[in-house]
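Colleague: fold the following.
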Amino acid sequence: MMEDIIQRLTALEMRFSFQEETLEELNQVVTRCNLQIQQLSRENSSLREMMRSLAPDMPESPDE
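Modeller: Have a look, this model is predicted:
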């Protein structure tokens with residue numbers, strides 16, 4: 001009985017540890033993705049501004 005409880009507790013501790021590690025890895029991925037999205041957004045804005053300055057009278061596409 002006591003051995004069963006110890007085994008179950010050990011299994012739960014291992015699962016918790018694995019989940020904690022996985023969450024940290026996922027957090028790092030999400031953080032990197034967010035930084036990349038921000039960078040791409042800034043680049044997109046710069047390119048749009050550059051296009052407007054090169055062709056100020058050109059109508060914008062419906063997608064913009």
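Colleague: how many neighbours does I6 have?
Modeller: I6 has 10 neighbours, counted by other C-beta atoms under 10 Å. Yep, even glycine has a C-beta here, placed from its N, CA and C like the rest.
Colleague: distance between the strand or helix carrying Q36 and the chain's centre?
Modeller: Using DSSP states H and E, Q36 sits in helix 2-54. In terms of C-alpha atoms, centre = their mean, to the nearest Å, the centre of helix 2-54 is found 5 Å from the chain centre.
Colleague: now do M51: how many residues are near it, please.
Modeller: Neighbour tally, M51, other C-beta under 10 Å: 13.
Colleague: please read the previous query as pertaining to M2.
Modeller: M2: 6 neighbours (other C-beta under 10 Å).
Colleague: quick test: name the residue nearest the centre of this protein.
Modeller: V30 (2.2 Å; C-alpha atoms, centre = their mean).
Colleague: what's the spacing between that one and S46?
Modeller: To S46, V30 is 25 Å away according to C-beta to C-beta, to the nearest Å.
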